[in-house]
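Participant: build the 3D model from these lines:
(2 chains)
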Amino acid sequence: MPGDPTTMLIDPRMTEEARLRLLQDFGLDKPLTVQYFLYLKHLVHGDLGMSFIYKQPVSKIIMSRLPWTLILMIASQIITMFIGIPLGIYSGYKKGSIFDQIVNAITILGVSIFVPWLSISLLYLFGYKIPIFPIGGAFTPGLGGKELYVDIIKHMVLPVLTLTLINLANYVLYSRASIVDIMSEDYIRTARSKGMKERRTIWKHAARNAMIPTVTVAGMLFGSMVGGAVLTETVYAYPGVGRMIYDAVGQQDFPVLQGAFIVLAFSVIMMNIIADIVCAYLDPRIKLE
Amino acid sequence: MECIKEKKIKGFSSKKSGNWKKTLKIFFKHKIGVIGFIGVMIVFMVAILAPYIAEPAEGYGNAEDILLSPSPQHIFGTDSMGLDIFSEVVWGARSSIKVGFIAVIVSIFIGVPIGLVSGYFKGPISTVAMGITDIFLTIPVLPLMIIIAAVVGNGINKVAVVIGLFSWPSLARITKAATLEVSNMQYIEAAKSLGIRTRRILIKHVLVNASAPILVNLTLIIATSILTESGLSFLGLGDPITWSWGRILQNAHRSGAFVSAWWFSLFPSLAIMFFVISFNFLGMGIREALNPKLRER
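Facilitator: Numbering: from 1, shown residues only, chains lettered A, B, ... in the order given. Purely as a prediction, here's the structure:
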């Protein structure tokens, strides 16, 4: 894929003058170090540069794509939490049981799964063999009102399912590991000895404490989840940032690639901050300063 | 003084080799670890013996061979160019092993020193090293790798080095945690008071005793870098000349033939997952074998 990005935007039939003017417009005539510092200067003003291909500001292109990625990630994140944490807690509580062993085996499969294959398989099964879900994109053009919402949700099902299946293993792994530690804590013994019902002991005392490390880890794993989203969006032709990165690589649209990375890194940091706030809510001993 | 030093170190190392035998014994008692070991060995054998197993798939196949379903002649079927998928999978094993090992070596050279230094020394160096590690742990690595792979170009070695450059943070963290634990031990204090050079203490005493969790993490790094390489190849950033499992899948996706030909995407994916699960199992086995709590039994 390497090459001079200018070959993508310059027509060989162009006159030398026009070529130079085009390079000047994109600031490509200056030395690389100067270009870099100019980029940083523009960055603090919120300017991510111009796309070589679309001839539009990068920030505008990204902003039109980002909501789609966020909606996918947030939906799958919530579903994963609601399934993964109870599953991990229960299997950690029943440590060594058949249920626990099955969950463990599935977890190992989950961390070893190859994302594109999972996406392709789901697409093959539910897009072609049993065509209940659309095969790609985010919505059908030409719909309006209530129909449009239903249509968007229909398009979301397969990508969200894929992302959920990929991320589930991590949640199960961490919540299981922490519940195993917690069950031997003194306060669990206290709760039991004062005659508290087992169910209440688990879900009220143990689960809440088990969630703290899980949420912290979830915040840290968000970066790798973005990677999964890139692959998933590519397969489903979903118009998010991930698919945009894939297209930009093919078109050697470097400003878009840089911008996408900066925006993704920024959203990962935001997610980490949110995870910290959730932790402080779960554990009153943690204070936000 | 000289003589005490040498004696100590000699006694130390001979005890260690006895330990290794015991460790191997425990390892081979553990079923999952052995399954993983056998799985890894199978892929190794396939990669080494590739020229004897299958003819390399090159160029364009015959028009009448396009997208044939699995048959005795082509046990994994053929692809959209009429090439034998079995042969592509067999030759693809070479790329996966190559990438796994180059990536892990690169990450050892970055991650282990950073972990050792930040675990052993206290002060600003340690803080800075851990800060950098944390940044690398949280940033979305795949998009960054995509960008860098797009800039540096797509030879299999380059891709492997790029993956290695971003795989070390977990290793640095694990090394740091293990180093912290070991460096509080009395024998490190003893080594220090004997006047042994810091570099020697770090390598001979700290690293050797912290090696268990590091070794486990290495298997995980190999597993994830194989997945990453397949992902990058799938996105078209792999080596377009060498066969890799991700590239077969990319062909399946690009040509759209995965709809009619299930074998096109299934077999390379199974190969990827077989190899990755084997490495994960191997890691679990090593962890059990090196766990001091389990050795007592």
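Participant: what about B:Leu144, how many neighbours?
Facilitator: 20 (other C-beta atoms under 10 Å in any protein chain shown). Yep, even glycine has a C-beta here, placed from its N, CA and C like the rest.
Participant: can you give me the pLDDT of it?
Facilitator: Per-residue pLDDT puts B:Leu144 at 87.
Participant: helix, strand, or coil at it?
Facilitator: Here B:Leu144 takes the helix state, with states given by DSSP: H, G, I helix; E, B strand; the rest coil.
Participant: chain neighbours aside, what residue packs nearest to it?
Facilitator: Using C-beta to C-beta, 6 or more residues apart in numbering or on different chains and skipping the chain neighbours, the partner closest in space to B:Leu144 is A:Phe261 (5.9 Å).
Participant: hang on, the one you found packs against B:Met145?
Facilitator: No. Look at A:Phe261 against B:Met145 with C-beta atoms under 8 Å: they stay out of range, at 10.3 Å.
Participant: for the two, indicate the residue with more neighbours.
Facilitator: Neighbours were counted for A:Phe261 and for B:Met145 using other C-beta under 10 Å; B:Met145 has more, 23 against 19.
Participant: does chain B sit close to stretch A:136-150?
Facilitator: No. Figure legend: stretch A:136-150 not in contact with chain B (C-beta under 8 Å from any C-beta of the partner chain); closest approach 11.2 Å.
Participant: residues contacting the residue nearest to B:Leu144?
Facilitator: Neighbouring residues of A:Phe261 by C-beta atoms under 8 Å, 6 or more residues apart in numbering or on different chains: B:140, B:143-144, B:147.
Participant: out of the residues you listed, which is nearest to chain A?
Facilitator: For the contacts of A:Phe261, the residue nearest chain A by C-beta to the nearest C-beta is B:Pro140; the value is 3.8 Å.
Participant: so what's the residue count around that closest one?
Facilitator: B:Pro140: 23 neighbours (other C-beta under 10 Å).
Participant: okay, now the closest residue to it other than its chain neighbours: neighbour count?
Facilitator: Spatial nearest neighbour of B:Pro140, excluding adjacent residues (C-beta to C-beta, 6+ apart): A:Val226 at 3.8 Å. Applying other C-beta under 10 Å, we find 25 residues neighbouring A:Val226.
Participant: secondary structure element for residue 82?
Facilitator: As the question left the chain open, I've gone with chain A. Element membership for A:Phe82, per DSSP states H and E: helix A:58-93.
Participant: beyond that helix, next helix or strand please.
Facilitator: Proceeding N to C from helix A:58-93, the next assigned helix or strand is helix A:98-112, under DSSP H and E.
Participant: relative orientation of the helix or strand that that next one is followed by and helix A:98-112 in degrees?
Facilitator: Per DSSP H and E, the first helix or strand lying C-terminal to helix A:98-112 is helix A:115-123. Interaxial angle of helix A:115-123 relative to helix A:98-112 (axes from the mean of the first three to the mean of the last three C-alpha atoms, to 10 degrees): 110 degrees.
Participant: coming back round to it: buried ones in the helix holding A:Phe82?
Facilitator: If you call a residue buried by 16 or more other C-beta atoms under 10 Å in any protein chain shown, then helix A:58-93 has these buried ones: A:58-59, A:61-62, A:65-66, A:68-69, A:71-73, A:75-77, A:79-81, A:84-85, A:87-93.
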